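Peer 1: Sequence first, predicted coordinates after that:
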Amino acid sequence: MEVIARKKEGLFLVYAIAFGLGGILLILGLVFTANLENELAKIVAVGAAIVVMAIGGVTCIRVLLTPKEMIVYEGESLRLASGVTFSPRLIERVTYRLASAKGVQYEWGKLCVFVGGKEYSYHFVADVEQAHNRLIALRSEATEQKK
């Protein structure tokens, strides 16, 4: 058994910190704008904090719900976390997108595998380029063996 795609570790902590910072910003925003008469300043301070909390919270939940092993190669077939099993030669296309922020690209990202006209996509894939390349190699090997 070979794990081709697995979840990037440590992301939950990053987004949990973002959620916590959003909570702190919300409290600070409420405290420091309480005496202001400018309603727009209150709305902006509280709104920004709520947005940071929402993004952090939703992403934490998505990371928690992501399976640790997304694509596994066993014997002569690939097994996806969604339960689908197929031969590597049936892969039509594999794409990936690296996660990035402010011009910095990370090694993890989104991996998409197209099989039988369907797209199976997985977020938070560690070493996503390596997983992509391994899937392409497995497809090539399986196609060569079939000839």
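Peer 2: Sure, I can see it. Numbering: from 1, shown residues only.

Peer 1: going forward, measure contacts between C-alpha atoms and count neighbours the same way
Peer 2: Fine.

Peer 1: Hmm, residue 89 is touching residue 144, no?
Peer 2: No. Residue 89 is beyond contact range of residue 144, at 9.1 Å (criterion: CA atoms under 8 Å).

Peer 1: Just want to know which of these two has more residues nearby.
Peer 2: residue 89 (21 against 10; other CA atoms under 10 Å).

Peer 1: distance of the more buried one from residue 34?
Peer 2: Using CA to CA, to the nearest Å, residue 89 is found at 63 Å from residue 34.

Peer 1: Please report how far residue 125 lies from residue 100.
Peer 2: According to CA to CA, residue 125 and residue 100 sit 13 Å apart.

Peer 1: Comparing those two, which residue is more hemmed in?
Peer 2: For the pair residue 125 and residue 100, the greater number of neighbours falls to residue 125 (29 against 12), based on other CA under 10 Å.

Peer 1: what's the domain layout of the chain?
Peer 2: 2-7+68-146, 11-65 (automatic domain parsing).

Peer 1: For the helix or strand bottoming out on mean pLDDT in the chain, C-alpha coordinates in PDB please.
Peer 2: In the chain, the helix or strand scored least confidently by mean pLDDT, DSSP states H and E is helix 11-33, which has a mean of 80. Extracted in PDB, the C-alpha atoms of helix 11-33 (Å, rounded to 0.1, in the frame of the first residue of the first chain):
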ATOM      1  CA  LEU A  11      -3.200  23.600   9.000                       C
ATOM      2  CA  PHE A  12      -5.900  23.200  11.700                       C
ATOM      3  CA  LEU A  13      -3.600  25.100  14.100                       C
ATOM      4  CA  VAL A  14      -3.000  27.900  11.700                       C
ATOM      5  CA  TYR A  15      -6.700  28.500  11.000                       C
ATOM      6  CA  ALA A  16      -7.600  28.000  14.700                       C
ATOM      7  CA  ILE A  17      -5.200  30.800  15.500                       C
ATOM      8  CA  ALA A  18      -6.900  32.900  12.800                       C
ATOM      9  CA  PHE A  19     -10.300  32.200  14.400                       C
ATOM     10  CA  GLY A  20      -8.900  33.200  17.900                       C
ATOM     11  CA  LEU A  21      -7.400  36.400  16.500                       C
ATOM     12  CA  GLY A  22     -10.700  37.200  15.000                       C
ATOM     13  CA  GLY A  23     -12.300  36.800  18.400                       C
ATOM     14  CA  ILE A  24      -9.700  39.000  20.000                       C
ATOM     15  CA  LEU A  25     -10.200  41.600  17.300                       C
ATOM     16  CA  LEU A  26     -14.000  41.500  17.800                       C
ATOM     17  CA  ILE A  27     -13.600  42.100  21.600                       C
ATOM     18  CA  LEU A  28     -11.100  44.900  21.000                       C
ATOM     19  CA  GLY A  29     -13.200  46.400  18.300                       C
ATOM     20  CA  LEU A  30     -16.300  46.500  20.600                       C
ATOM     21  CA  VAL A  31     -14.300  47.900  23.500                       C
ATOM     22  CA  PHE A  32     -12.400  50.600  21.600                       C
ATOM     23  CA  THR A  33     -15.400  51.700  19.500                       C
END
